[in-house]
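In: got a structure for you, letters missing:
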């Protein structure tokens, strides 16, 4: 009789491990669906993909000025495809609080320095200066490219110093939240 009661309460199943007879009565929850998907490991591949694209754009923009437009179109498509991939193809990633993008920041800055050097070299090699200034000698063209390179380095440095890493309104909001958190701890 006990076995009959168990069988009647769960259909024809003798154990909770037995699959239900009618699968339409037991729809899967979002958590069950995601548990069958592959895990989203980390953001290394995403950063690497963006870094390679950034390199192509900044290193060769003087040779192919439309590279930035092509990269923009690619990024618009990439945002949607990555969102689709995250929503339907992998488990929901756990959020982790970090201070910055880590070593990728240093790599991007190094790429910026390399881009200045490469673009100034390309400008000097392709003869753009000779077309702009026909009376310019080869020695003066080299000097002009070096001056342009130093000016670009100076401009990069000035922009790096002038633009803060954290915008003022974000720093203000963070300070407000920190103050509210401290006040809440004082009350409790």
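Out: Thanks, I have it. Since this is a predicted model, take the numbers as computed values, not measurements. Numbering: from 1, shown residues only.
In: Which strands or helices does the strand or helix carrying residue 130 pack on?
Out: For residue 130, the host element (DSSP states H and E) is helix 128-132. In terms of contacts (3 or more Cβ pairs under 8 Å, 6 or more residues apart in numbering; DSSP states H and E), helix 128-132 is packed against helix 138-162. To be clear about C-beta, it is placed using only N, CA and C from the backbone, and glycine gets the same treatment.
In: which residue ranges form the helices in this structure?
Out: 2-9, 30-35, 44-59, 67-88, 103-126, 128-132, 138-162, 168-187 (DSSP state H).
In: how about those helices in TSV, adding mean neighbour count and distance to residue 97?
Out: Rendered in TSV, the data for the helices of the chain read as follows (neighbours: other Cβ atoms under 10 Å; distance: least, Cβ to Cβ, whole Å):
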stretch	mean neighbour count	distance to residue 97
helix 2-9	9	46
helix 30-35	11	22
helix 44-59	14	17
helix 67-88	12	19
helix 103-126	15	17
helix 128-132	13	47
helix 138-162	12	25
helix 168-187	9	12
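In: Now tabulate those in CSV and tack on mean pLDDT.
Out: Listed next are the helices of the chain as CSV, based on pLDDT from 0 to 100:
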stretch, mean pLDDT
helix 2-9, 49
helix 30-35, 74
helix 44-59, 90
helix 67-88, 89
helix 103-126, 90
helix 128-132, 80
helix 138-162, 91
helix 168-187, 90
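In: Turn those helices into a markdown table, columns for distance to residue 94.
Out: Output for the helices of the chain, formatted as a markdown table (distance: least, Cβ to Cβ, whole Å):
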| stretch | distance to residue 94 |
| --- | --- |
| helix 2-9 | 37 |
| helix 30-35 | 12 |
| helix 44-59 | 16 |
| helix 67-88 | 13 |
| helix 103-126 | 20 |
| helix 128-132 | 51 |
| helix 138-162 | 33 |
| helix 168-187 | 22 |
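In: nearest to residue 95, of the ones you listed?
Out: helix 67-88 (12.4 Å; Cβ to Cβ).
In: Would you mind listing the outside residues contacting that closest one?
Out: If you take Cβ atoms under 8 Å, 6 or more residues apart in numbering as the criterion, helix 67-88 is touched by 40, 46, 49, 53, 56-57, 60-61, 92-93.
In: do the same with stretch 152-166
Out: Taking Cβ under 8 Å, 6+ apart as the rule, stretch 152-166 contacts 100, 112-113, 116, 119-120, 171, 174.
In: Which of those residues sits closest to residue 149?
Out: Nearest to residue 149 among those, with distances taken as Cβ to Cβ, is residue 120, at 4.1 Å.
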